[in-house]
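# my questions concern the predicted model and sequence given below.
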Amino acid sequence: MKKVIVTGGAGFIGSNYVRYIYKERPDWEITVLDALTYAGNEKNLEGLDKSRVELVVGNICDAELVDKLVKNNDAIIHFAAESHNDNSLKTPWPFVESNIIGTYTLIEAARKHNKRFHHISTDEVYGDLELDDPSKFTVDTPYNPSSPYSSTKAGSDLLVRAWVRSFGLQATISNCSNNYGAYQHVEKMIPRQITNILCGDKLKLYGSGENVRDWIHAEDHSSGVLAILEKGKIGETYLIGANGEKSNLEVFELILKHMGKDQDWLEHVKDRAGHDMRYAIDASKLVNELGWSPKYTDFEEGLKQTIEWYKNNEDWWKPQKQETEEKYAKSGQ
Ligand code: NAD
Ligand code: TDX
């Protein structure tokens with residue numbers, strides 16, 4: 001493998017992956033295929049040598065463009081998606097289009113040209129767990145998605161599985177838990193709260209805050225994806241997670257602590273419709289079969305670094321902030 005396409009490589013996790021393989025695989029040529037939606041940002045790829053990383057601004061639903069790119073590369077690592085649950089509850093169609101039709105378009109090209117395909121998915125396809133349930137999601141957990149976002153991701157996973165079985169597509173799938181780190185759009189929970197404080201606004205907690213998310217640093221997601229791409233068994237699904245379960249309230253309290261604010265800065269707002277209670281990943285298959293392990297095992301330390309990044313990169317997030325908050329204000333959140 002020398003020439004790879006990274007779809008969604010100008011987004012949060014996709015650009016982390018591009019920077020990761022740029023460093024770890026110096027002989028690879030990388031083509032980023034990204035539509036630069038509101039969530040994509042060319043600045044996420046700044047500083048990378050253009051002779052090794054080419055940005056093609058285009059849509060994964062554009063079959064002609066996709067066919068041309070896939071034909072000329074060895075592998076496709078597919079991150080591009082509409083990714084935010086709250087948006088999917090307001091306007092579901094872009095999620096159906098990008099997540100389902102976009103994935104269909106890519107796997108048809110990969111099948112035609114017999115190319116290696118890795119599909120990036122989420123733990124949300126499994127639905128949610130009760131707070132007192134001792135179990136975690138495994139690759140055998142039945143699909144039970146709750147939102148338009150997670151149901152379109154589930155649909156895209158099922159397409160990939162069917163293409164493997166019926167057409168022999170050379171594909172693997174990974175389902176990862178909640179990512180955090182630099183370059184995450186301010187619509188998502190952690191950057192929203194950090195940048196709210198930096199703007200003099202309160203933190204906005206949905207409902208009671210007892211919902212649990214299983215946090216992983218984006219760079220650990222990237223190293224997991226590279227391990228699966230290179231060592232994973234064709235047709236298999238791997239779960240990526242770093243044992244980072246925390247209630248939302250716990251995360252909010254850590255943000256308050258490290259930004260020197262008290263509980264008065266915390267505001268309870270309207271809950272999300274259909275809000276999943278708890279996600280938890282059992283990543284033992286990835287750890288035991290492929291020898292992967294996460295580097296960022298101290299969430300509080302990773303969160304402190306993330307807070308510093310947002311403090312130091314106001315130019316990056318400021319242009320997204322007002323529009324994002326206006327959208328939230330309309331829904332009472
Ligand atoms: P993001 O919203 O930050 O980035 C998505 C990128 O995809 C953007 O650059 C956008 O321009 C691009 N894109 C969207 N639709 C496109 C289209 N039709 N054609 C071309 N490009 C398009 O998302 P993210 O948080 O980086 O998530 C990346 C992937 O990881 C998604 O597949 C998501 O489902 C998955 N995932 C995310 C998380 C998380 O915590 N954020 C966890 C598990 C899995
Ligand atoms: O302002 C907020 N206040 C709040 O309490 C926001 C934006 C969110 N929340 C809550 C909702 C969730 O319980 O925080 C939790 C995390 O919310 P998000 O950052 O929106 O993430 P989530 O819905 O859990 O989904 C994320 O992880 C799985 C990603 O956005 C998905 O792309 C990924 O598949």
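Sure thing, it's come through. Ligands and ions are numbered 1, 2, ... in the order given.
# list the contacts for the residue most central in space within the chain?
Nearest to the mean C-alpha position of the chain, by CA atoms, centre = their mean, lies Ile13 at 5.3 Å. By CB atoms under 8 Å, 6 or more residues apart in numbering, Ile13 lies in contact with 79, 120, 179, 218, 221-222. In this view, the C-beta of every residue, glycine as well, is placed from N, C-alpha and C.
# need the helices for the chain, in chain order.
Taking DSSP state H as the criterion, the chain contains helices spanning 12-24, 63-71, 85-90, 93-95, 102-112, 148-167, 189-198, 218-231, 248-258, 284-290, 299-312, 314-330.
# how about those, which one is nearest Arg52?
When these are compared by CB to CB, helix 12-24 sits nearest Arg52, at 6.7 Å.
# quick check: buried residues in that closest one?
Buried residues in helix 12-24, counted by 16 or more other CB atoms under 10 Å: 12-22.
# of these, list those near ligand 1.
By CB under 6 Å from any ligand atom, the members of the buried residues of helix 12-24 lying near ligand 1 are 12-14.
# which residues touch the closest residue to Ser15 other than its chain neighbours?
Closest residue to Ser15 in three dimensions, ignoring its sequence neighbours and counting by CB to CB, 6 or more residues apart in numbering: Asn44, at 3.6 Å. Contacts for Asn44 (CB under 8 Å, 6+ apart) come out as 10-12, 15, 183.
# got it, and Lys327?
Contacts for Lys327 (CB under 8 Å, 6+ apart) come out as 90, 187.
# tell me how far it lies from ligand 1.
Counting by CB to the nearest ligand atom, to the nearest Å, the separation of Lys327 from ligand 1 is 14 Å.
# up against ligand 1, what does the stretch 1-150 of the chain have?
When proximity is defined by CB under 6 Å from any ligand atom, the stretch 1-150 of the chain lies next to ligand 1 at 8, 10-14, 34-37, 39-40, 59-61, 79-83, 98, 102, 120, 122.
# among those, name the ones in strands.
34, 120, 122 (DSSP state E).
# about what we covered before: look up how far Ile234 lies from the residue nearest to the centre of the chain.
Ile13 is 23 Å from Ile234, where distance means CB to CB, to the nearest Å.
# swap in Phe299?
Distance of Phe299 to Ile234, given as CB to CB: 33 Å.
# please identify which of those two sits among more neighbours.
Neighbour count, other CB atoms under 10 Å: between Phe299 and Ile234, Phe299 has more, with 20 against 12.
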